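A.B. asks: please work out how this folds:
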Amino acid sequence: MTDDSDESIGMLDELSLGECMRFLAGNHIGRIAVVVDEYPLVFPVNYRFVDRAVDGPIIVVRARPGSSVTEADVHVSFQIDGIDAAAGAGWSVLVRGIRHHVQAVELAELPFVDPHPWAPGRDEWLVINPIAITGRRLIAGDIGWGFHPLGYL
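C.D. replies: Purely as a prediction, here's the structure:
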């Protein structure tokens, strides 16, 4: 018999814009979603989040020239998340934005902007200008006793 009381169910909470931006700034691996041939495709990428004082935040990604990420429509989504599987908790930040190609020299005045991709051949510089940044946090419910009581009889 399982305990289906409300205490065992987690609670979903909206993240503030400030919390979302702190998560984006504090992480460097995310996923970019693009649409190719009418199907959404999602790719893991290294990124850097830069909160520019005047022009607003950007997400910088380097990709392989000629890839789906560089050739797809300019409307993209970008997501990062953190998961605590043991506790049944986590958070997720979703960015909807416009992707455009830039030259590395255009970003030269911004400190620490190179995402340093792990995969080779990522020589195309992309910037995502956020249109919307949202996030949610799943707060763990009562995780209860880790072992079934009948295991001790």
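A.B. asks: give me the distance from stretch 57-74 to the chain's centre.
C.D. replies: Offset of stretch 57-74 from its chain centre (C-alpha atoms, centre = their mean, to the nearest Å): 15 Å.
A.B. asks: cool, and stretch 15-27?
C.D. replies: 10 Å.
A.B. asks: same check on stretch 97-111?
C.D. replies: Stretch 97-111 sits 19 Å away from the centroid of its parent chain (C-alpha atoms, centre = their mean).
A.B. asks: tell me the strands beside the helix or strand of the chain at the bottom of the mean pLDDT ranking, with direction?
C.D. replies: The least trusted helix or strand in the chain, going by mean pLDDT, DSSP states H and E, turns out to be strand 11-14, with a mean of 92. As defined by DSSP bridges, the strand partners of strand 11-14 come to strand 124-139 (antiparallel).
A.B. asks: and the strand it pairs with, what's buried?
C.D. replies: By neighbour count on 16 or more other C-beta atoms under 10 Å, the buried set for strand 124-139 is 124-128, 130, 133, 135, 137-138. (C-beta placed from N, C-alpha, C; glycine too.)
A.B. asks: isn't there a helix covering residue 47?
C.D. replies: No: membership of residue 47 in a helix is not supported by DSSP: H, G, I helix; E, B strand; the rest coil, which gives strand.
A.B. asks: would you mind naming the residues that bridge with it?
C.D. replies: Beta-bridge partners recorded for residue 47 (DSSP bridges): residue 61.
A.B. asks: what's the neighbour count on the spatially closest residue to residue 107 that is not a sequence neighbour?
C.D. replies: Among residues not flanking residue 107 along the chain, residue 113 sits closest, at 4.7 Å (C-beta to C-beta, 6 or more residues apart in numbering). Burial measure for residue 113: 17 neighbouring residues, criterion other C-beta atoms under 10 Å.
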